[in-house]
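J.: Provide a 3D model corresponding to the input given below.
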Amino acid sequence: MARPSEGLMNEAGEWIAEQLSEEGLMVTSGFVDLVLDMEWTAIEEGIDPDARDLVVDAVMAKMIEENVHVGPPPDTLSTDGIDTSQIRPVPEQFVEQVLSWEDDFLGFAGVRRADVAG
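T.: Here you go, the predicted structure:
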């Protein structure tokens with residue numbers, strides 16, 4: 001079972017972050033890359049790539065396990081430091097949106113997740 005090429009996934013991460021930005025969700029391509037890496041790890045561990053709910057659940061579990069949180073960009077915070085009340089766990093919707101845009105990207109590239117994973 002092989003992941004898509006590193007070059008393709010790097011391009012996907014940048015493109016997905018750009019799409020999310022256009023929707024008003026400000027995330028870095030690094031965050032998108034993290035979600036995609038967690039997704040492919042879950043698939044490699046045996047999650048059915050076509051079972052979206054299971055993939056999202058697996059990614060969310062990894063986010064919790066690794067204590068990944070989201071919050072406002074540091075330059076928007078007060079000069080007194082980080083207001084930790086604004087930092088929160090990653091919403092499941094963020095993961096779902098990343099994976100949905102990945103579906104589109106892979107489709108444009110002529111790649112089916114199940115074909116790569118299988």
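J.: quick one: residue 69 and residue 87 touch, right?
T.: Yes. In terms of C-beta atoms under 8 Å, residue 69 counts as a neighbour of residue 87; the distance is 4.9 Å. In this view, the C-beta of every residue, glycine as well, is placed from N, C-alpha and C.
J.: mind listing what residue 20 touches?
T.: Residue 20 is in contact with 26, 27, 32, 97, 98, 101, counting by C-beta atoms under 8 Å, 6 or more residues apart in numbering.
J.: same check, this time on residue 45
T.: residue 58 are the contacts of residue 45 under C-beta under 8 Å, 6+ apart.
J.: show the pLDDT at it.
T.: You'll see residue 45 listed with a pLDDT of 93.
J.: give me phi/psi at it?
T.: phi -80, psi 0 (degrees, to the nearest 10).
J.: also residue 89?
T.: When read as degrees, to the nearest 10, the backbone of residue 89 gives phi -60, psi 160.
J.: ok, residue 3 to residue 40 distance?
T.: Distance from residue 3 to residue 40, counting by C-beta to C-beta, to the nearest Å: 5 Å.
J.: higher neighbour count, the two?
T.: Comparing residue 3 with residue 40 by neighbour count (other C-beta atoms under 10 Å), the higher total belongs to residue 40, at 22 against 16.
J.: surely the more buried one is in contact with residue 5?
T.: No. Between residue 40 and residue 5 there is no contact under C-beta under 8 Å: 11.8 Å.
J.: sec struct for residue 3, please.
T.: coil (DSSP: H, G, I helix; E, B strand; the rest coil).
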